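Q: need coordinates for the following:
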Amino acid sequence: MAETRRRLRSSTVVLGGMGVLAAALSACGSDPDRRCVDRDSYDYFLGYKVVADKNCTSVSSGSSSHKGRKTASATDADWYYDADVSDGWADDGTFSRSEAVDRGGFGCSGSGSGGG
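A: Here you go, the predicted structure:
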């Protein structure tokens, strides 16, 4: 009976450890929070005006990519990542998805302090 109890504890530890590892890896691989904003609406105190997601393309690699976007659109919309959002305005974010991912969560590259 002691052997059964010990085996159960051992498998519980292994399963728990795998859960922690899976959570760490999925947090690193997940997409950063993003908002569709009008790039022409910047206000020094408020940031960028958040607009409907339909104004942004679903696949964008930053400000240089305008593929799929309507040229006759009234707004110059783009995805704005990891922003503080308040009352329909987004600030302190980035238009670079890769930079937002590098800000990272637990275990992501770029999350440690680099010397240099």
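Q: what's in contact with the helix or strand harbouring residue 78?
A: Per DSSP states H and E: residue 78 is located in strand 77-81. Residues outside strand 77-81 that contact it (C-beta atoms under 8 Å, 6 or more residues apart in numbering): 32-39, 48, 51, 55-56, 60, 62-63, 69, 90, 93-97, 99-100. C-beta coordinates here come from the backbone N, C-alpha and C atoms, glycine included.
Q: which of those are buried?
A: 32, 34-38, 48, 51, 55-56, 60, 90, 93-97, 100 (16 or more other C-beta atoms under 10 Å).
Q: just the ones of those residues in helices?
A: 97, 100 (DSSP state H).
Q: CA atoms only: put stretch 42-58 into CSV for me.
A: Provided in CSV are the C-alpha atoms of stretch 42-58 (Å, rounded to 0.1, in the frame of the first residue of the first chain):
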residue,chain,number,x,y,z
TYR,A,42,-3.1,60.4,-32.2
ASP,A,43,-3.6,62.7,-29.2
TYR,A,44,-0.7,63.5,-26.9
PHE,A,45,-2.7,62.9,-23.7
LEU,A,46,-5.1,60.1,-24.9
GLY,A,47,-3.2,58.1,-27.5
TYR,A,48,-4.9,56.6,-30.6
LYS,A,49,-8.6,56.3,-31.1
VAL,A,50,-9.8,52.7,-31.1
VAL,A,51,-11.9,51.8,-34.2
ALA,A,52,-13.7,48.7,-35.3
ASP,A,53,-11.6,45.6,-36.0
LYS,A,54,-13.0,45.4,-39.5
ASN,A,55,-10.8,48.4,-40.4
CYS,A,56,-7.6,46.4,-39.8
THR,A,57,-6.4,43.4,-41.7
SER,A,58,-6.2,40.2,-39.8
